[in-house]
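1. need a 3D model of the sequence below.
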Amino acid sequence: MEIRQQFGPEIWTMDGDSVRMFGIVPFTTRMTVVRLESGGLWIHSPIAPTQERLHFVNELGPVGHLVAPNKIHSRGIEPWKAHYPSAKVWASPGFSMRHPNIAIDEVLKNGVETDWSGEISHCVVDGHAVLDEVVFLHKPSRTLIITDFIQKHEAARESWFWRGVKSVAGILGNGGGVPLDVKLSIRDKAAFRRSIGTILKWDFENLVLAHGQCLRGGAKKDVSLSFSWIMKSSSLEE
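-> Numbering: from 1, shown residues only. Model prediction:
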């Protein structure tokens, strides 16, 4: 059964199929759909387009934008573009280097206006050696949308083995946050810290995650705590 819900004003989430990261680690997936003032839809990290999912989206409005928030989240872009050829594809800075055969229309960059800037802010998080993630804020619902930099995998969906692994990795349930591997693979700590500082200045109260539990209310405190390990120590810039 599809798990989908209206998360706030003009924003919906839909859970996708489970995948295996590196072919081993089980991950749940989620896409986010925003209906813009124009009536067109903005789809973040699209999941596989089954008939039921397509029907749900079609009921909301015409698909105008498909967003690949980092170079890892690529699977749904081409299948959705095939169904909605007029949709504009937006991708993270490193996406085309990893997926040269997937056509995109615009590369997301800091300080550059988009077709939807009035309703959705974006920040490319600089300084990480692996992820080129773009974080978004849906301003009307005060919802922050994060893909991989914060994860809260639901314990009830995990076997005892993966609960243990994900707990050690810092991505299990309410105690989840920034994954351990993300913390250990920052290339430029000062640049990373500046990006997170920009995000924390945004006005948000809710949190949608691609992997794990979302938050209705209290998200500003939770996200601040998740990144406190790098924001509190100026020595990390050295």
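2. hey, C-alpha coordinates of stretch 107-127 in CSV?
-> C-alpha atoms of stretch 107-127 as CSV (Å, rounded to 0.1, in the frame of the first residue of the first chain):
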residue,chain,number,x,y,z
VAL,A,107,22.2,23.3,-12.5
LEU,A,108,21.3,24.5,-9.0
LYS,A,109,23.8,27.1,-7.8
ASN,A,110,23.9,29.3,-4.8
GLY,A,111,22.9,32.9,-5.4
VAL,A,112,21.1,32.1,-8.6
GLU,A,113,17.3,32.7,-9.0
THR,A,114,15.1,29.8,-10.0
ASP,A,115,11.6,29.7,-11.5
TRP,A,116,10.3,28.9,-8.0
SER,A,117,12.5,31.1,-5.8
GLY,A,118,9.6,33.1,-4.5
GLU,A,119,8.2,29.9,-2.8
ILE,A,120,11.2,27.6,-2.4
SER,A,121,14.6,28.7,-1.3
HIS,A,122,17.7,26.5,-2.0
CYS,A,123,21.2,26.2,-0.6
VAL,A,124,24.0,24.1,-2.2
VAL,A,125,26.0,22.7,0.8
ASP,A,126,29.6,23.3,0.0
GLY,A,127,32.7,21.6,1.4
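3. low-confidence stretches in this structure?
-> Counting by pLDDT under 70, the low-confidence segments of the chain come to 1-2, 18-26, 155, 158-160, 162-164, 166-170, 233-238.
4. and the residue nearest to the spatial centre of it, how far is that from residue 4?
-> Nearest residue to the geometric centre of the chain (CA atoms, centre = their mean): residue 147, 2.4 Å. Counting by CB to CB, to the nearest Å, the gap from residue 147 to residue 4 is 18 Å. All C-beta spots, glycine's among them, are computed from the backbone N, C-alpha and C.
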